[in-house]
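Novice: Kindly return the folded structure for what I paste below:
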Amino acid sequence: MPPEYGEESEPLMLAGEVSVTIDGASHTVSQLIAGDQSKALDTLASQILAVARRRARRAVSASSLAEGLRKLKAGQLRPEALELVVLRRRVTPGPLDAEESWLLHLSGPGAEVRVSRPEGGYGAPLRWRVPDKEFRKLVAVLRDSDLARIPQNLDAPDYTDLRIQVLDQVKNVLARRYANRTTEAHSQEQAAFDRILEQLQRLVRRVLQEGREASEPDARKSASPSKSRSSPLR
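Specialist: Okay, here's the model as predicted:
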């Protein structure tokens, strides 16, 4: 299928779209409200939604992030149930390397890393599929960290913003240097957070060493969250 059906209008009105990603390679087909409508795309979207609704009736759920991680480790949830994003931004001056300014996005075993460029902004994303053994080790570290006890603010030498999600259960942690503050009150939680960050830093290094460059997403589509989506593809 071509990447788009219909005619562009102002403002751009998107009826819906179908995206497929396999081993880091993606293809998205969009249907605009104006112009020709694709029956094939409408049928495909309807079939996907029908399968999703049937599966949802017997889907595995999680009442907490801890339960979600346990089910993920036990194989009751697919690896793709885990979404993790961490931004590590260097605050103190120094040469740029994998330990400093980077953005990691993990969707199941699919990892994507962008490294900050000296001239500003982020470089092209690198993608790598995390081997099953390493992915299970990361899940075990997250599960054993007792994330519910970790406070939303902790200490780190550089600005670190972490978001962990399993299904609809989410944990956000922001870590940086705080003036006139000690970590004694949360020493165990701080140690648990440091273990998570250490594991993620190892993952970033592997992606930078073994990942392959990913093509940039379509800027017009990625920057249009307010498009209308009320159409036959819904």
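
Novice: alpha carbons only for contacts and neighbour counts from here, please
Specialist: Fine.

Novice: Please tell me how far residue 133 sits from residue 146.
Specialist: Residue 133 sits 21 Å away from residue 146, going by C-alpha to C-alpha, to the nearest Å.

Novice: what about these two, which has more around it?
Specialist: Legend: neighbour count by other C-alpha atoms under 10 Å for residue 133 and residue 146, higher for residue 146 (14 against 8).

Novice: For that one, give me its contacts.
Specialist: 66, 192 (C-alpha atoms under 8 Å, 6 or more residues apart in numbering).

Novice: how near is it to residue 205?
Specialist: For residue 146, the distance to residue 205 - C-alpha to C-alpha - is 25 Å.

Novice: Could you list the domains of this protein?
Specialist: Using automatic domain parsing, the domain ranges for the chain come out as 4-59, 65-213.

Novice: How far off centre is the host helix or strand of residue 115?
Specialist: According to DSSP states H and E, residue 115 maps onto strand 110-115. Remark: strand 110-115 is offset 9 Å from the chain centroid, using C-alpha atoms, centre = their mean, to the nearest Å.

Novice: Quick check: mean pLDDT of it?
Specialist: Summarised as a single mean, pLDDT over strand 110-115 is 91.

Novice: Name the next helix or strand following that strand along the chain.
Specialist: strand 126-129.

Novice: Please name every helix or strand in contact with that following strand.
Specialist: strand 110-115, helix 187-210, strand 212-213 (3 or more C-alpha pairs under 8 Å, 6 or more residues apart in numbering; DSSP states H and E).

Novice: Highest mean neighbour count out of those?
Specialist: Ranked by mean neighbour count, these are led by strand 110-115 with a mean of 24 (mean count of other C-alpha atoms under 10 Å).

Novice: Can you show me the strands along this structure?
Specialist: Secondary structure of the chain (DSSP state E): strands at 4-5, 14-22, 25-32, 82-89, 102-107, 110-115, 126-129, 153-155, 159-166, 169-176, 212-213.

Novice: CSV please, covering these and showing distance to residue 191.
Specialist: Compiled in CSV, the strands of the chain are given as follows (distance: least, C-alpha to C-alpha, whole Å):
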stretch, distance to residue 191
strand 4-5, 49
strand 14-22, 36
strand 25-32, 37
strand 82-89, 17
strand 102-107, 21
strand 110-115, 24
strand 126-129, 28
strand 153-155, 10
strand 159-166, 15
strand 169-176, 13
strand 212-213, 33
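
Novice: Ok, which of these comes nearest residue 59?
Specialist: When those are compared by C-alpha to C-alpha, strand 159-166 sits nearest residue 59, at 13.6 Å.

Novice: which residues are contacting that closest one?
Specialist: Counting by C-alpha under 8 Å, 6+ apart, 65, 68-69, 81-91, 170-177 sit against strand 159-166.

Novice: Tell me, how many residues neighbour residue 155?
Specialist: Residue 155 has 19 neighbours, counted by other C-alpha under 10 Å.

Novice: surely it meets residue 173?
Specialist: No: using C-alpha atoms under 8 Å, residue 155 is not in contact with residue 173; the gap is 10.1 Å.

Novice: Which parts of stretch 150-165 count as buried, going by neighbours?
Specialist: 150, 151, 154, 155, 156, 158, 159, 160, 161, 162, 164, 165 (16 or more other C-alpha atoms under 10 Å).
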